[in-house]
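Chemist: Coordinates only, no sequence provided:
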């Protein structure tokens with residue numbers, strides 16, 4: 001086959017391909033164009049939504065930060081108003097916990113515990129924050145609830161690797177000490193002191209309590 005013949009065949013082949021492409025485009029081109037536009041619009045919409053979310057979070061964070069400052073300054077009413085103005089899933093939950101803490105700081109233990117319990121029971125609450133609410137309520141109840149009542153509240157944390165395990169142990173140990181269950185109190189404090197993962201300050205408190213508890217235990 002001569003070069004001229006090959007050239008003719010190539011031209012014919014290209015014409016055929018171009019004709020096929022034209023037919024495909026005539027048939028499906030509008031869908032391809034529509035898809036491309038949809039992708040562009042979708043990306044733009046996603047970016048706009050992310051920007052909106054960031055702005056919302058920044059505004060909520062600023063309001064929450066101001067509320068915390070108001071609370072620290074003793075401006076209770078202003079702080080409560082600011083916390084109520086926080087409209088953001090994350091920061092609004094922190095605001096709820098902060099309001100409960102304000103009640104605790106004022107000595108309104110029952111009100112604070114009720115707020116923490118309501119937060120922990122709310123299915124919409126972040127699980128980690130719900131556990132924090134349970135622990136805070138537990139500390140508030142150390143002086144009034146029985147060890148059995150606190151165990152019912154805190155038994156969920158008695159498992160290896162739980163982030164709040166040692167806080168639960170401390171609450172139960174202090175409650176046991178209050179009712180003069182010295183052996184029970186020492187058991188909890190020993191567990192804390194033996195746990196290398198427990199916070200240093202908590203291990204120090206446990207060591208001090210162990211020293212105080214030991215003379216009250218039967219001598220072997």
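Modeler: Structure received. Since we're looking at a predicted model, the values are computed, not measured.

Chemist: Can you point out the buried residues in stretch 162-171?
Modeler: For stretch 162-171, burial by neighbour count (16 or more other C-beta atoms under 10 Å) applies to 164, 165, 166, 167, 168, 169, 170, 171. Bear in mind the C-beta positions are built from the backbone N, C-alpha and C, glycine included.

Chemist: pLDDT (mean, whole number) over that stretch?
Modeler: The average pLDDT within stretch 162-171 is 94.

Chemist: same deal with stretch 92-109?
Modeler: Average pLDDT, stretch 92-109: 87.

Chemist: now do stretch 121-132
Modeler: In the prediction, stretch 121-132 has an average pLDDT of 92.

Chemist: End to end on that stretch, go ahead and measure it.
Modeler: Counting by C-alpha to C-alpha, to the nearest Å, you get 12 Å between the two ends of stretch 121-132.

Chemist: What of stretch 195-205?
Modeler: Using C-alpha to C-alpha, one end of stretch 195-205 lies 13 Å from the other.

Chemist: So for it, what gets flagged as buried?
Modeler: 198, 202, 203, 205.

Chemist: next one: stretch 115-122
Modeler: 115, 116, 119, 120.

Chemist: Sort out which of those residues are in helices and list them.
Modeler: Counting by DSSP state H, the buried residues of stretch 115-122 place 115, 116, 119, 120 in helices.

Chemist: now the residues you listed as TSV including distance to residue 187?
Modeler: What follows is these, written out as TSV (distance: C-beta to C-beta, whole Å):
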residue	distance to residue 187
115	31
116	26
119	30
120	26
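
Chemist: picking up where we left off before, go through the buried residues of stretch 195-205 and flag which are in helices.
Modeler: Among the buried residues of stretch 195-205, the ones falling in helices (DSSP H) are 202, 203, 205.

Chemist: okay if I get these as CSV plus pLDDT?
Modeler: Output for those, formatted as CSV (pLDDT from 0 to 100):
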residue, pLDDT
202, 93
203, 94
205, 94
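
Chemist: Among those residues, which one sits closest to residue 90?
Modeler: For those, the residue nearest residue 90 by C-beta to C-beta is residue 202; the value is 27.3 Å.

Chemist: Could you find which two of the ones in helices among the buried residues of stretch 115-122 are furthest from each other?
Modeler: By the measure C-beta to C-beta, 115 and 120 form the most distant pair in these, at 9.8 Å.

Chemist: Residue 151 and residue 170, how far apart?
Modeler: Taking C-beta to C-beta, to the nearest Å as the measure, residue 151 falls 13 Å from residue 170.

Chemist: Repeat that for residue 201.
Modeler: Distance from residue 201 to residue 170, counting by C-beta to C-beta: 11 Å.

Chemist: could you list every residue that touches the nearest residue to residue 150 once chain neighbours are set aside?
Modeler: Nearest-residue entry for residue 150: residue 175, 5.2 Å, with adjacent residues in sequence omitted and distances by C-beta to C-beta, 6 or more residues apart in numbering. Residues near residue 175 by C-beta atoms under 8 Å, 6 or more residues apart in numbering: 142, 145, 146, 147, 150.

Chemist: any idea how far the first one lies from residue 167?
Modeler: The gap separating residue 142 from residue 167 is 11 Å, by C-beta to C-beta.

Chemist: Residue 134 contacts residue 154, correct?
Modeler: Yes - here residue 134 lies in contact with residue 154, judged by C-beta atoms under 8 Å, at a distance of 7.1 Å.
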